[in-house]
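Novice: with the sequence up front, the predicted model follows.
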Amino acid sequence: MKEQKVPVAMVDAEAKVVYYEYDGFEINTLLLTFKEKRRALSTIEGCKKIEYAINTFVPSPLSARTMKNYVAFRKRLLHTLGIPYGVAAVLSTGVSMENLAFSKLSFEDFEVCCLATAGAAHNALRMGVDSAHWVERNGNYIYFSGTINIILLTNAWFTVAAMARAIINVTEAKTAVLQDFNVKSSMAPEHQATGTGTDNVIIVSGVNSALRVKCLGGHTKMGELIAVSTRQAVAEALRRQDGLCRNARLEH
């Protein structure tokens with residue numbers, strides 16, 4: 001396997017992109033490794049303690065297979081990487097990690113780092129307006145390329161409530177970027193997109209109990225750091241993947 005380090009410079013966390021072959025396809029994976037287990041909240045797997053956080057590129061021809069049994073894919077992917085199944089939180093996307101972007105911010109002793117991949121050219125939508133057509137049956141779905149995946153790291157110890165609130169900050173910041181870039185819904189181009197139909201988030205708490213945080217509202221400094229780092233990372237990720245810039249118009 002070929003590896004390339006990602007210079008996130010977070011305490012007790014290492015980030016790298018790993019390049020390897022999976023089922024005859026060349027794929028790449030963002031692998032975050034922590035020196036001790038961390039509490040995390042994933043929009044796919046819920047609350048869990050993890051030693052690794054992962055965002056993996058899945059090419060469209062491969063995704064048609066993996067989505068038929070996503071749990072089995074996740075297990076096999078981790079086995080390929082030499083990681084036990086129970087200690088990792090995993091995201092997947094049709095966006096290559098070559099277009100990964102990250103933003104790290106700090107205030108006094110507090111640090112936040114957002115790592116994002118973003119593609120909005122195929123399945124952007126306006127939540128609450130556009131119709132949905134996916135029906136989950138025994139965990140199986142159809143799959144679209146694209147997706148905005150976000151992994152948020154911090155050195156502070158977040159309560160579960162704070163991790164849940166962080167998802168609101170991340171989501172609102174992501175939507176603000178789509179508005180800045182004038183991204184329109186794939187289904188109804190007259191509508192502003194609020195995200196894609198497959199976006200996911202992992203919030204990873206720090207382990208420093210001296211930096212305990214339980215409130216992350218928009219008026220808090222940590223809430224601001226989360227939102228700004230997310231906005232910066234998602235904006236750069238969209239520039240890299242879709243060539244977007246502020247007030248550009250992406251219609252479908």
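Specialist: Arrived safely, thanks for sending.
Novice: now do the helices in the stretch 51-200 of the chain.
Specialist: Along the stretch 51-200 of the chain, counting by DSSP state H, counting those that start in this stretch, helices occupy 60-66, 70-81, 160-180.
Novice: remind me which residues of the stretch 51-200 of the chain are low pLDDT?
Specialist: Counting by pLDDT under 70, the stretch 51-200 of the chain has low-confidence residues at 128-146.
Novice: repeat that for 50
Specialist: Scanning the stretch 51-200 of the chain for pLDDT under 50 picks out 143.
Novice: circling back to that earlier point, out of the helices of the stretch 51-200 of the chain, which is closest to residue 14?
Specialist: helix 70-81 (13.9 Å; C-beta to C-beta). The way it works is simple: take the backbone N, C-alpha and C, and place the C-beta from them, glycine included.
Novice: tell me the contacts of the residue lying closest to residue 2 once chain neighbours are set aside?
Specialist: With C-beta to C-beta, 6 or more residues apart in numbering as the criterion, residue 2 has its nearest non-adjacent residue at 4.2 Å, and that residue is residue 19. Neighbour list for residue 19: 1-4, 26-28 [criterion: C-beta atoms under 8 Å, 6 or more residues apart in numbering].
Novice: so for the helix or strand encompassing residue 19, what gets flagged as buried?
Specialist: If you go by DSSP states H and E, residue 19 is part of strand 13-22. Judged by neighbour count using 16 or more other C-beta atoms under 10 Å, the buried positions of strand 13-22 are 13, 15, 17-18, 22.
Novice: residue 214: which of the helices of the stretch 51-200 of the chain is closest?
Specialist: helix 160-180 (5.2 Å).
Novice: now tell me what touches the closest one from outside.
Specialist: Residues from elsewhere that reach helix 160-180 (C-beta under 8 Å, 6+ apart): 39-41, 43, 47, 114, 120, 124, 148, 150, 152, 158, 192-195, 199, 201, 203, 205, 213-218, 223, 226-228, 230-231, 234-235, 238, 246-247.
Novice: cutoff 6 Å now
Specialist: Residues outside helix 160-180 that contact it (C-beta atoms under 6 Å, 6 or more residues apart in numbering): 41, 148, 150, 193-194, 201, 203, 213-214, 216, 223, 226-227, 230-231, 234-235, 246.
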